[in-house]
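S.K.: 3D, please:
(2 chains)
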Protein chains: 2
Amino acid sequence: MTPHPLPRDPLDLVLAWAEAGHAAALATVVATWGSSPRPPGSMMAIDATGRIEGSVSGGCVEASVVDAAETVMQGGAPEVLSYGVTSEQAWAVGLACGGELDILVESVGPEGTLDPALLRHAMALRRERRPALLATRLTDMRHILVERTAGGSMAAHGGADLPDHMLPALDMAFRGGRSMRHEAPDGEAWFLHLLTPPHRLLIVGAVHIAQVLAPMAAATGFAVTVIDPRTQLATPERFPGIPLVTEWPDEALAALNVDDHTAIVTLTHDAKLDDPTLRAALDSPAFYIGALGSRKTQTSRLGRLREAGYDDGRAARIHGPVGLAIGAIGAPEIALSILAEIVAVRRDAPLGRRPGWT
Amino acid sequence: MTPHPLPRDPLDLVLAWAEAGHAAALATVVATWGSSPRPPGSMMAIDATGRIEGSVSGGCVEASVVDAAETVMQGGAPEVLSYGVTSEQAWAVGLACGGELDILVESVGPEGTLDPALLRHAMALRRERRPALLATRLTDMRHILVERTAGGSMAAHGGADLPDHMLPALDMAFRGGRSMRHEAPDGEAWFLHLLTPPHRLLIVGAVHIAQVLAPMAAATGFAVTVIDPRTQLATPERFPGIPLVTEWPDEALAALNVDDHTAIVTLTHDAKLDDPTLRAALDSPAFYIGALGSRKTQTSRLGRLREAGYDDGRAARIHGPVGLAIGAIGAPEIALSILAEIVAVRRDAPLGRRPGWT
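M.R.: Below is the predicted model of the structure:
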């Protein structure tokens, strides 16, 4: 099977640098107001030679953040930097970065506030695609690594106490898929930093719509894989840069360890491929299952699923006809409607909870 | 100002070939069922040397269509070809083209059924971005060129009669932006072929969201222009392949002749740029006006527009907060939500008629 490379991640890098004995610092956006270009949780890794990876503002304040990182790498205290960029200033420097943002800068290493052992543990959880979050108290940079178990409860790693006041906020962060600030009853501010890997989109059917959907979803931050045993269709020429799997969909899905950060959409119009895909998807915790096809196709699919032991209650997880009801015509608009629906479901937005065609 | 090139169009080409005295034929998808890869109205131009431009099925039936085109170019009668491709056949040839489609193939020229003079007239309307449609009776290939006037009424060119039964279907085709089949009360089938140019998206603000929105909209078939007087932002490096205009937005919009096939979205977060954009947009017949910004920003904008003489009724045309409510986080998802909303409005889908954040 084709490997599924992820882009180099600031967290992976900063850990690798620290483990190699280099001074390393991590900058993390912990709050934004107005039109800040990068959302909370955006990160930049910095080492003592000035190497950087990632971005906290798309170029607006990076130079100043690197200065601060050098200070913490030389033993300075970690700090939360606040930037307020008026649109006049932004105009003057030619950057579109009105708004305000707070950036936490801390050192990673035995002397730093971010312990490589904790980070290593966090990265292991992420590699296994287990939902994890790093909670940081912004007054003293105390870190708690939190895992959400399959049952939905929260577990703190390393024997740390998990304050009760944090539980609803943790649930909101995991459910909404967003890093966020949390104010404790004692007034102390925490930053809840989601460490989950990129959400995945598994597209079954290397068809025309997939040729538009795959790059569009990749541009939106999904790790995309296209699955189709028809090797004439699933070619690198038709899907440049997209990982391809040419096994049968049920085998492919089993090998890919579908989790609740995975969306599956089937576009083949062929029951020989769609049906095993849908059965495997319904057996999985995928957060989204979509199937291209008319209401008539959907009805006959439901019949076949029923015969295979999947009652209508279970099959109701399938979004079909697929995509938000934007009146899509043609492959690009259909791809757009599917991706918009997947994001709405991922973000727990009301549009994702409605059937598509009302 | 940067010119706005359109891709070579089969209609332009077939007319150029005919005017140069060459035999030329036009193939048009006039009906589809199931999973046909190209929608009705998709075209392919064919000349006697076998040159082709455009596509009617993404490669499934083109070879057979070219054969038929050669026959009509040699004086054969125009015909409507019907293709039914089972998914087994599609599988066998390695093409994803289950479904059925009907394709009209006719000759363009003095001897053909499609008169170059009529086509020239149609192209002139399209160049002026006036809404035009070619109605074709599929029994005898009689053509009527229809223009929708600014007032919304239908005018047939060249003194042709416009049958009353066609008016509701014409209205539906123009409003929905889709070519469609129309069944007359006498049972005769017509094909209503929209000839409008690509819808345009004018993005004001060469910011990060625009860098995602512009290529995404171009991939969805929009002719995109990015407008920003800040020449540090509006650069070809940041917007490869996208036409850029660095005049002030109100001047740029005036020069671009905004019509009712144009969407305008402002992303600058800067009243100096957003306000003149919104005033010019409200003075225009743009089918979509969107403005990035929070409810608070929106409220203060409405106040300034009111002072400038645009009451809340007129300002209600502005979609803001912009985009479908898919819970978008970060620039790519915001771009996706905006584009999905623009398509929903363009396609007259219910989602486009609701305010975004209910």
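
S.K.: how about A:Gly158, secondary structure?
M.R.: When classified by DSSP: H, G, I helix; E, B strand; the rest coil, A:Gly158 comes out as helix.

S.K.: and it, what does it touch?
M.R.: Contacts of A:Gly158 were listed using C-beta atoms under 8 Å, 6 or more residues apart in numbering or on different chains, and they are A:Leu118, A:His121, A:Leu145. Where you see a C-beta, it was placed from the backbone N, CA and C, and this is true even at glycine.

S.K.: pick out the residue closest to the middle of chain A.
M.R.: Centroid-nearest residue in chain A, with C-alpha atoms, centre = their mean: A:Pro198, separated by 3.4 Å.

S.K.: leaving out the residues flanking it, which one is nearest to A:Val14?
M.R.: The spatial neighbour of A:Val14 that comes closest, neighbours along the chain excluded (C-beta to C-beta, 6 or more residues apart in numbering or on different chains), is A:Ala45 at 4.0 Å.

S.K.: helix/strand/coil for that neighbour?
M.R.: Using three-state DSSP, the structure places A:Ala45 in strand.

S.K.: what about it, how many residues nearby?
M.R.: Number of residues near A:Ala45 (other C-beta atoms under 10 Å in any protein chain shown) recorded here: 25.

S.K.: that one contacts A:Ile52, correct?
M.R.: Yes: with contact defined as C-beta atoms under 8 Å, A:Ala45 reaches A:Ile52; the gap is 6.7 Å.

S.K.: which stretches of the stretch 201-350 of chain A form strands?
M.R.: With DSSP state E, counting those that start in this stretch, the ranges of strands along the stretch 201-350 of chain A come out as A:223-227, A:244-245, A:262-266, A:288-291, A:318-319.

S.K.: can you lay out those as JSON lines showing mean pLDDT, distance to chain B and mean neighbour count?
M.R.: Output for those, formatted as JSON lines (pLDDT from 0 to 100; distance: least, C-beta to the nearest C-beta, whole Å; neighbours: other C-beta atoms under 10 Å in any protein chain shown):
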{"stretch": "strand A:223-227", "mean pLDDT": "95", "distance to chain B": "12", "mean neighbour count": "24"}
{"stretch": "strand A:244-245", "mean pLDDT": "96", "distance to chain B": "15", "mean neighbour count": "21"}
{"stretch": "strand A:262-266", "mean pLDDT": "97", "distance to chain B": "12", "mean neighbour count": "27"}
{"stretch": "strand A:288-291", "mean pLDDT": "96", "distance to chain B": "12", "mean neighbour count": "25"}
{"stretch": "strand A:318-319", "mean pLDDT": "94", "distance to chain B": "13", "mean neighbour count": "22"}
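
S.K.: of these, which approaches B:Asp140 most closely?
M.R.: B:Asp140 sits nearest to strand A:288-291 of all those, at 41.7 Å, using C-beta to C-beta.

S.K.: sorry, back to before: now do the contacts for the residue nearest to A:Val14.
M.R.: A:Ala45 neighbours (C-beta under 8 Å, 6+ apart): A:10-11, A:13-14, A:17, A:24-27, A:51-54.

S.K.: against chain B, how distant is the residue nearest to the centre of chain A?
M.R.: Distance from A:Pro198 to chain B, counting by C-beta to the nearest C-beta, to the nearest Å: 12 Å.

S.K.: partner residues bridging the spatially closest residue to that residue that is not a sequence neighbour?
M.R.: Computed as C-beta to C-beta, 6+ apart, the closest residue to A:Pro198 that is not its neighbour in sequence is A:Ala223, at 4.4 Å. Note on A:Ala223: beta-bridge partners by DSSP bridges are A:Arg200.

S.K.: quick one: residues contacting the residue nearest to A:Val212 when sequence neighbours are not counted.
M.R.: Sequence neighbours aside, A:Ala335 is the residue nearest to A:Val212 in space, at 4.0 Å (criterion: C-beta to C-beta, 6+ apart). A:Ala335 is in contact with A:Ile209, A:Ala210, A:Val212, A:Leu213, A:Met216, counting by C-beta under 8 Å, 6+ apart.

S.K.: compare the residues you listed and tell me which is most surrounded.
M.R.: Neighbour-wise, those (other C-beta under 10 Å) top out at A:Ala210, 30 neighbours.

S.K.: next one: that one, what pLDDT does it get?
M.R.: What the model reports for A:Ala210 is a pLDDT of 92.

S.K.: could you pull out the strands for the stretch 1-150 of chain A?
M.R.: Assigned by DSSP E, counting those that start in this stretch, the strands in the stretch 1-150 of chain A fall at A:24-33, A:43-47, A:52-54, A:79-85, A:99-108, A:132-137, A:142-148.

S.K.: nearest to B:Arg38, of those strands?
M.R.: Short answer: strand A:52-54, nearest of the strands of the stretch 1-150 of chain A by C-beta to C-beta, at 41.3 Å.

S.K.: give the pairing partners of the closest one; include direction for each.
M.R.: Strand A:52-54 sits in its sheet next to strand A:43-47 (antiparallel), going by DSSP bridges.

S.K.: of all the contacts of A:Gly158, which comes closest to chain B?
M.R.: A:Leu145 (22.6 Å; C-beta to the nearest C-beta).
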